[in-house]
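A.B. asks: here is a sequence with its predicted model. Questions after.
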Amino acid sequence: MNDQPLSAPMLSNQRSSADLDASVRLHVLFPTRDARGVSFPAEFFAAVEGWMVRAARGFTRAGLAFGAWQSPDGSVVHDESVSYYVSCPNRRRAGARPEAADAPHDSVRAGRGVRRVGGRLHAGELGRHVMRRAFFLLILVFVGCNRVRSAATWTKGLLTDPPPPPPLSIVLACDHSTGSTCGQVELAANIDVTLLGAAGRPHSTIALWVIGGDVGSTRELTHVDVPDESTRGDRARAAQQRTWIEASRAELLRASKAIFSVEPTHASPLAAAISAISLSRPGSTIVLMTDGLESTRETFDFECKKLPDAHKLLARFKTLSLLAPGSLANTHVIFANARITEVGENRCPMSIARIAGVRSLWNAAITNAGGTLTITTDAITTTDLGGAQ
């Protein structure tokens, strides 16, 4: 039975009285999955079996073996291995040194320390000796003698966990202006998706911002960071991620009370907010829960007044040092929950043409600043954040 999430095969030295002088019987366990729960391919076991036929002239496949062990955090981890029996000829009958055949009855793990006791080959050395050759031959069978680089890559992938995905930097910004679409339900939904997308990416950061009526009141409320992954196995990592998600969700929702405890603002300085966020956290994915209707005295009123053309919009932003070219390099801006809503009790009716015009202006502004823009009428998805998790 394994005592680690992914280990080398295990060996036990078993001898019956009938074959005491004839052979040494090895019991070999190969895990069926790696540390992330991905099953090893059938070719792996075919290579193992082919080598055992050539090396020991046969084997007995005894089916699946199941085990369990308790990790340091108290959780119980279950494992599954394929069980083989192999009988190795007694070297003493062939004139070899008697130590290997006389190795004591024991259970050993490949790779443990080598030691000799009273001039005899200890079972730990037997296991190490056999498994060193077993893995070397297995690699040669699996990838071919002339593909050393592929062999090294395959071996590394087999014996080590794959590296985690790169970290994310995500800003959740709530537009709490009158008529905007950022409510407590929308914010909570986007928080949940963001935490799920970042949980398996150590060193990721999620920051919560409020978009106030001006730049001075647009600020970061809190942020949470993803810790290093646990090295105790799949179940321990999953438990760690669940704990982090629960704690981080509580922290972000706690901080969001500052948004909804005050009256909504009348102004909606979205361009200034995006600029301020990009200065504070460059290269982040910026998720704005907003209807996308910029409304300030200094810029434009996307709610009721005539929309400017793209040239006039960019010229005004340049004058105000907003969304300058290059300021959104490597930045993905997402307008989430950007639904069509009434403005001021429908005093300024929205039309499809006007909504399309607003989106076109934002696309021009974000692209001119070096960023990319996504607009969705729902909450974000993990795909929006850089891949499904």
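C.D. replies: Right, received. Where do you want to start? Numbering: from 1, shown residues only.
A.B. asks: from here on, contacts and neighbour counts on C-alpha atoms
C.D. replies: OK.
A.B. asks: so where's the stretch 201-350 of the chain shaky on pLDDT?
C.D. replies: 342-347 (pLDDT under 70).
A.B. asks: can you map out the helices along it?
C.D. replies: Counting by DSSP state H, counting those that start in this stretch, the stretch 201-350 of the chain has helices at residues 234-260, 270-280, 310-319.
A.B. asks: mind giving me TSV with the ones you listed and columns for distance to Pro202?
C.D. replies: Shown next, in TSV, are the helices of the stretch 201-350 of the chain (distance: least, C-alpha to C-alpha, whole Å):
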stretch	distance to Pro202
helix 234-260	10
helix 270-280	21
helix 310-319	36
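A.B. asks: now, of these, which is deepest in the fold?
C.D. replies: Of all the helices of the stretch 201-350 of the chain, helix 270-280 has the most neighbours on average by mean count of other C-alpha atoms under 10 Å, namely a mean of 20.
A.B. asks: so which of the helices of the stretch 201-350 of the chain is nearest Glu303?
C.D. replies: Glu303 lies closest, by C-alpha to C-alpha, to one member of the helices of the stretch 201-350 of the chain: helix 270-280, at 12.8 Å.
A.B. asks: measure Lys306 to Pro269 for me?
C.D. replies: 17 Å (C-alpha to C-alpha, to the nearest Å).
A.B. asks: who has more neighbours out of those two?
C.D. replies: Pro269 (26 against 10; other C-alpha atoms under 10 Å).
A.B. asks: show me what contacts that one?
C.D. replies: Ile211, Gly212, Gly213, Asp214, Val215, Glu294, Ser295, Thr296 (C-alpha atoms under 8 Å, 6 or more residues apart in numbering).
A.B. asks: which one among the residues you listed gets closest to Trp51?
C.D. replies: Nearest member of these to Trp51, counting by C-alpha to C-alpha, is Ile211, at 65.3 Å.
A.B. asks: the closest one: neighbour count?
C.D. replies: With other C-alpha under 10 Å as criterion, Ile211 counts 29.
A.B. asks: mind listing the residues bridging to it?
C.D. replies: Asp175 (DSSP bridges).
A.B. asks: so what's it up against?
C.D. replies: Ala173, Cys174, Asp175, His176, Ser217, Thr218, Arg219, Ser268, Pro269, Leu270, Ala273.
A.B. asks: ok, back up a step: show only the entries of the contacts of Pro269 found in strands.
C.D. replies: Using DSSP state E, the members of these that fall within strands are Ile211.
A.B. asks: counting neighbours, which of the contacts of Pro269 comes out on top?
C.D. replies: Ile211 (29 neighbours).
A.B. asks: ok, that one to Ser280 distance?
C.D. replies: From Ile211 to Ser280 the distance is 14 Å (C-alpha to C-alpha).
A.B. asks: do Gly37 as well
C.D. replies: On the measure of C-alpha to C-alpha, Gly37 and Ser280 end up 39 Å apart.
A.B. asks: mind giving me the domain split of the protein?
C.D. replies: 10-158, 169-375 (automatic domain parsing).
A.B. asks: could I get the ones you listed as TSV with distance to Thr383?
C.D. replies: Shown next, in TSV, are the domains of the chain (distance: least, C-alpha to C-alpha, whole Å):
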stretch	distance to Thr383
domain 10-158	21
domain 169-375	8
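A.B. asks: out of those, deepest packed?
C.D. replies: The most buried one of the domains of the chain (mean count of other C-alpha under 10 Å) is domain 169-375, showing a mean of 18.
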